[in-house]
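Asks: Build the 3D model from these lines:
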Amino acid sequence: MELKYLLYFLIGGTVVSLVTYFAGNAKGLLAAFFANLPVITLITFLTIYSEAGEKAVVEYAKSLIVMLFPWLAYIFSIIFLTQRIGLIPSLAIGLASYFIFSYLIITIKKGLN
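Replies: Numbering: from 1, shown residues only. Next up, the predicted model:
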């Protein structure tokens, strides 16, 4: 196994642990800060650059912006539905909306190319 994958695993685990710790101690804003740290995308940009160059990094960054909309649908599902129907159904609806919006965006983008 390559050492870089162990590093990715450790960084990812550290971020998840920090988020869980702060969220569990009623520090939601701090937990959200750690959850949204661009550490994972930074590493991803570096690895894409080393494998495929600048053009691939720019394409990936543009795609991240486009895929922000399905992610927002997922997050808003959790915000608006959790207190009404519970966490698990909200997560299911959020994930379903993420996949539906993602599918639509990918299909539309393929049609435009």
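
Asks: low-scoring stretches of this structure, by residue?
Replies: 1 (pLDDT under 70).

Asks: so where do the helices sit in it?
Replies: 3-24, 28-35, 39-52, 54-66, 68-85, 87-112 (DSSP state H).

Asks: For the chain, which residue occupies the most central location?
Replies: In the chain, the residue lying closest to the centroid (CA atoms, centre = their mean) is residue 71, at 7.2 Å.

Asks: From residue 93, how far off is it?
Replies: According to CB to CB, to the nearest Å, residue 71 and residue 93 sit 14 Å apart. Backbone N, C-alpha and C define where each C-beta goes, glycine included.

Asks: what residues does stretch 34-54 touch?
Replies: With contacts defined as CB atoms under 8 Å, 6 or more residues apart in numbering, stretch 34-54 is touched by 4, 8, 11-12, 15, 18-19, 22, 56-57, 60-61, 64.

Asks: Could I get the CA-only coordinates of it as CSV?
Replies: What follows is stretch 34-54, C-alpha atoms only, in CSV (Å, rounded to 0.1, in the frame of the first residue of the first chain):
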residue,chain,number,x,y,z
PHE,A,34,-13.6,21.7,10.7
ALA,A,35,-16.0,19.8,8.4
ASN,A,36,-15.6,22.5,5.7
LEU,A,37,-11.9,22.8,5.9
PRO,A,38,-10.6,22.5,2.4
VAL,A,39,-8.0,20.0,3.5
ILE,A,40,-9.5,17.1,1.5
THR,A,41,-9.9,19.3,-1.6
LEU,A,42,-6.4,20.7,-1.2
ILE,A,43,-4.9,17.2,-1.1
THR,A,44,-7.2,16.2,-4.0
PHE,A,45,-6.0,19.2,-6.0
LEU,A,46,-2.4,18.3,-5.4
THR,A,47,-2.8,14.6,-6.3
ILE,A,48,-4.8,15.5,-9.5
TYR,A,49,-2.2,18.0,-10.4
SER,A,50,0.6,15.4,-9.9
GLU,A,51,-1.3,12.8,-12.0
ALA,A,52,-2.9,14.9,-14.7
GLY,A,53,-1.8,18.5,-14.6
GLU,A,54,-3.4,22.0,-14.3
